[in-house]
Structure formats: structure tokens, C-alpha cells
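Engineer: Take this sequence and fold it.
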Amino acid sequence: MSRLIRPFAGPLSLALVLIVMVSTAVAGGVNFVLVGPAINGVVPTGKATVDQSKLQEGDPGTITLEVKNVNVPDNTRLDIVIAFTHVATVNVVGGQGKVQSTLPLVEFAFGPDELEVKLNGQDIMIGQIQH
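Structural biologist: Numbers count the residues shown, from 1 in each chain. Just a heads-up that it's a prediction; the model follows:
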């Protein structure tokens, strides 16, 4: 009987580890600190939270993002991208912008790992997961 159970131990263990990882990522949201190089002598800053706490209920979740010290003309629109998927746009006025948007239900739904803020297709800030 132990021979029948043994082949399943590896995949079952892996599945349990993945479930724990998914639950951890989804339960409290993922916080990002946004960092990037200076734009015309000013270093932009920001933060973002991806909240997918209701994902199991069919709600893909939200992203809340705030940027500051973004040295671009007023009404410049920045694209927010997670795992190569455009998820939102933020409008910058006076070097600042804030947006809250519903996320699309795509592959990253179980743990976003890469967040980018882009201007004309170029990264101006990258999100680093805050632990």
C-alpha cells in the first residue's frame, strides 16, 4: 500500500506549498515601493498596493497607486503594467498622481511579481515588493 501513496507525495507536497503561497499573497495584498532614476534632475517616488483579497469570490481585486516628484508636464498619463499587462493609467498634475482601479482577471491574479510605471512605453519606475 505504501507503494501506491509514495508516487503522489511529491506532487501533493508541491500543490500544498503553492496553495499556501497563493493564500499568503492574496490575503493581505501586495505592497510595492516605486523607485526610478531622476527625470530632469528630480527622483520620482511612489507606492502601490495590489489587493486581491476577494479573488476566490470572483472579484479580481484593485490596484491603488500613488506617485510623487514625477518631473513631467501636467496631464501626462503614465501606464501601470503588471506582468506585461496594462492594468491602469495615472494622470500626473503638479508632479503627483493617484489612481485606484479594478484589475483585469489575468494570469498574475495569484501573485503579481512585477509592477512597472511607464511613460511612452519606457519604464520610469519599477515596483519593488515591500516585505
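
Engineer: Can you show me the strands along the protein?
Structural biologist: 30-35, 45-51, 62-68, 76-82, 85-92, 97-102, 115-119, 122-129 (DSSP state E).

Engineer: Remind me what the last one packs against, helices and strands.
Structural biologist: In this case it means strand 122-129. With contacts defined as 3 or more CB pairs under 8 Å, 6 or more residues apart in numbering; DSSP states H and E, strand 122-129 has these neighbours: strand 30-35, strand 115-119. (Glycine included, C-beta is placed from N, CA and C.)

Engineer: how close does the closest residue to V70 other than its chain neighbours get to P104?
Structural biologist: Spatially, and ignoring its direct neighbours in sequence, V70 is nearest to P44 (4.5 Å; CB to CB, 6 or more residues apart in numbering). With distances taken as CB to CB, to the nearest Å, P44 is found 25 Å from P104.

Engineer: try S53
Structural biologist: Remark: distance between S53 and P104 (CB to CB) = 17 Å.

Engineer: thinking again about what came up before, more crowded one of P44 and P104?
Structural biologist: Under the criterion of other CB atoms under 10 Å, the comparison of P44 against P104 puts P44 first, with 22 against 14.

Engineer: now the strands of the chain in TSV, with mean pLDDT?
Structural biologist: TSV is the format used below for the strands of the chain (pLDDT from 0 to 100):
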stretch	mean pLDDT
strand 30-35	93
strand 45-51	94
strand 62-68	96
strand 76-82	95
strand 85-92	95
strand 97-102	96
strand 115-119	95
strand 122-129	93
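
Engineer: Serialize the ones you listed to TSV and add fields for mean neighbour count.
Structural biologist: Output for the strands of the chain, formatted as TSV (neighbours: other CB atoms under 10 Å):
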stretch	mean neighbour count
strand 30-35	19
strand 45-51	20
strand 62-68	20
strand 76-82	19
strand 85-92	17
strand 97-102	15
strand 115-119	20
strand 122-129	17
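
Engineer: May I have stretch 73-87 exported as PDB, CA atoms only?
Structural biologist: Output of stretch 73-87 as PDB, limited to C-alpha atoms (Å, rounded to 0.1, in the frame of the first residue of the first chain):
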ATOM      1  CA  PRO A  73       4.400  68.200 -17.800                       C
ATOM      2  CA  ASP A  74       0.900  68.400 -16.200                       C
ATOM      3  CA  ASN A  75      -1.700  66.000 -17.600                       C
ATOM      4  CA  THR A  76       1.000  63.500 -18.600                       C
ATOM      5  CA  ARG A  77      -0.500  60.000 -18.500                       C
ATOM      6  CA  LEU A  78       1.600  57.100 -17.100                       C
ATOM      7  CA  ASP A  79       0.800  53.500 -17.800                       C
ATOM      8  CA  ILE A  80       0.700  50.900 -15.000                       C
ATOM      9  CA  VAL A  81       1.800  47.500 -16.100                       C
ATOM     10  CA  ILE A  82       1.800  44.200 -14.100                       C
ATOM     11  CA  ALA A  83       3.400  41.100 -15.600                       C
ATOM     12  CA  PHE A  84       3.300  42.600 -19.100                       C
ATOM     13  CA  THR A  85      -0.400  43.500 -18.700                       C
ATOM     14  CA  HIS A  86      -1.700  47.100 -18.800                       C
ATOM     15  CA  VAL A  87      -3.900  47.500 -15.700                       C
END
